[in-house]
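Asks: Just to be clear, the model below is a prediction. Sequence and coordinates:
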Amino acid sequence: MTPSPTGAGRLDRAAFDDLYRRVVAAAPAGGRPRGALDTITAARVLAAVGEVRTGRHVSLAAPVTTRARADNPEPARHPMTGAVAGRLRGRGLEFARDRIEMNVHGDADSHLDALCHVVYDGTLHGGVPAATLTETGAEALSVALAGAGIVGRGVLLDIPGLRGVPWLEPGEWVTAQELLDAEAAQGVRFGPGDLLFVRVGHRRRRRDLGAWDASAARAGLHPGAVELLAERGIAVLGSDSNNDCAPSPVDGVGFPVHVLAVHALGIHLLDYLQFEEVLPLCTEEGRWSFLCVIAPLRLVGGTGSPVSPIAVL
């Protein structure tokens with residue numbers, strides 16, 4: 001693994017447990033039925049609408065992949081089930097139809113992680129028993145919590161841009177100090193109720209060099225950075241990678257950022273987005289915040305959903 005140039009190191013289990021307790025302590029007090037989404041107040045939504053100046057808008061999602069790749073051994077299935085060439089009657093009304101089947105939590109397609117997605121020490125976020133996960137779906141903390149959509153102020157931090165490289169190499173991690181340095185360099189600050197997006201360049205590397213086994217090696221946040229996110233009170237965390245780097249920097253915990261963000265803080269995660277369309281718009285306009293609208297499927301009991309977040313500048 002290529003070392004991160006900015007310093008945070010590996011953690012043993014005891015150090016991670018201490019970090020977990022600090023993150024929980026830094027979170028806002030009081031019950032939050034929808035987790036960190038409850039920090040997105042009506043006033044903050046109205047303020048986010050004020051981010052719109054030019055009306056230009058792009059998706060933060062990657063196209064759904066239907067062909068097997070090194071990072072996607074179980075690609076989505078998208079069969080045509082209605083009118084297609086070779087099955088057309090040629091007279092009267094016909095309908096083109098199709099269906100989609102996909103692994104929501106894979107390493108290629110853009111998706112949202114619900115609060116029931118992460119089981120840690122036998123519980124879900126807020127101490128909800130893991131036994132609420134049943135064969136027919138999640139009885140608590142499902143993606144239905146976001147059924148009304150997520151609308152708020154998006155903030156993009158470009159870590160490759162900060163480092164002066166096209167992308168971070170698989171295995172590298174992003175530290176809290178780099179998030180602060182990116183804020184200073186870009187003239188933006190993320191805060192309570194924001195949708196924070198951290199670019200590591202995963203999608204550009206995949207585009208330029210081809211797919212690789214992202215389950216074994218990918219760039220992401222160092223778990224220590226989550227303490228800063230807790231202090232700032234963000235509502236959502238997203239990345240063009242998995243948010244977690246691999247190999248994990250924590251002994252015995254494979255996805256420490258997922259544990260800290262989802263389980264400890266109740267933050268919905270957005271994995272495997274793409275920022276290559278919004279990046280030039282932000283660069284051109286010289287601003288790194290925008291209105292963001294996310295509409296997950298209204299899937300009662302679901303552990304997540306494919307999504308196409310829309311950034312409006």
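Replies: That came through, no problem. Residues are numbered from 1 along each chain as shown.

Asks: Could you export whatever helix or strand residue 14 lives in as CSV, CA atoms only?
Replies: For residue 14, the host element (DSSP states H and E) is helix 13-26. The C-alpha trace of helix 13-26 is given here as CSV (Å, rounded to 0.1, in the frame of the first residue of the first chain):
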residue,chain,number,x,y,z
ARG,A,13,-8.8,-2.6,17.9
ALA,A,14,-8.4,-0.8,21.2
ALA,A,15,-7.5,2.5,19.5
PHE,A,16,-10.5,2.1,17.2
ASP,A,17,-12.8,1.4,20.2
ASP,A,18,-11.6,4.6,21.7
LEU,A,19,-12.3,6.5,18.4
TYR,A,20,-15.8,5.0,18.3
ARG,A,21,-16.5,6.3,21.8
ARG,A,22,-15.2,9.8,20.9
VAL,A,23,-17.3,9.9,17.7
VAL,A,24,-20.4,9.0,19.6
ALA,A,25,-19.7,11.6,22.2
ALA,A,26,-19.2,14.3,19.5
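
Asks: Mind listing what's buried along it?
Replies: 16, 19, 20, 22, 23, 26 (16 or more other CB atoms under 10 Å). Where you see a C-beta, it was placed from the backbone N, CA and C, and this is true even at glycine.

Asks: any idea how far residue 157 is from the last one?
Replies: Relative to residue 157, residue 26 is positioned 20 Å away (criterion: CB to CB, to the nearest Å).

Asks: quick revisit: what does the helix holding residue 14 contact?
Replies: 11, 223-224, 226-227, 230-231, 250-253, 256, 259-260, 264-265 (CB atoms under 8 Å, 6 or more residues apart in numbering).

Asks: got a list of what residue 308 touches?
Replies: 59, 60, 61, 110, 295.

Asks: Secondary structure class of it, three-state.
Replies: Secondary structure state of residue 308, per DSSP: H, G, I helix; E, B strand; the rest coil, is coil.

Asks: so how far is residue 62 from it?
Replies: 9 Å.

Asks: which residues do these two both contact?
Replies: residue 110.

Asks: quick revisit: buried ones only from the contacts of helix 13-26, please, as a ChimeraX command.
Replies: Entered in ChimeraX, the line below selects the buried ones among these, by 16+ other CB under 10 Å:
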select :11,223,224,226,227,230,250,253,256,259,260,264,265
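
Asks: In helices, which of the contacts of helix 13-26 fall?
Replies: Applying DSSP state H to these, the entries found in helices are 226, 227, 230, 231, 256.

Asks: ok, and the closest non-adjacent residue to residue 200?
Replies: Nearest non-adjacent residue to residue 200, counting by CB to CB, 6 or more residues apart in numbering: residue 219, 4.1 Å away.

Asks: who's in contact with the one you found?
Replies: Counting by CB under 8 Å, 6+ apart, residue 219 has contacts 167-174, 200-202, 241, 245.

Asks: So among these, which ones count as buried?
Replies: Judged by 16+ other CB under 10 Å, buried ones among those: 167, 168, 170, 171, 172, 173, 174, 200, 201, 202, 241, 245.

Asks: List just the nearest of the residues you listed to residue 274.
Replies: residue 202 (8.5 Å; CB to CB).

Asks: got a list of what that closest one touches?
Replies: 167, 168, 214, 218, 219, 239, 240, 241, 272.

Asks: one more time with 7 Å
Replies: Neighbour list for residue 202: 167, 218, 219, 240, 241 [criterion: CB atoms under 7 Å, 6 or more residues apart in numbering].

Asks: With residue 260 instead?
Replies: Counted by CB under 7 Å, 6+ apart, residue 260 has contacts 20, 23, 223, 226.

Asks: Can you list the low-confidence ranges for this protein?
Replies: Low-confidence segments of the chain (pLDDT under 70): 1-7, 29-30.
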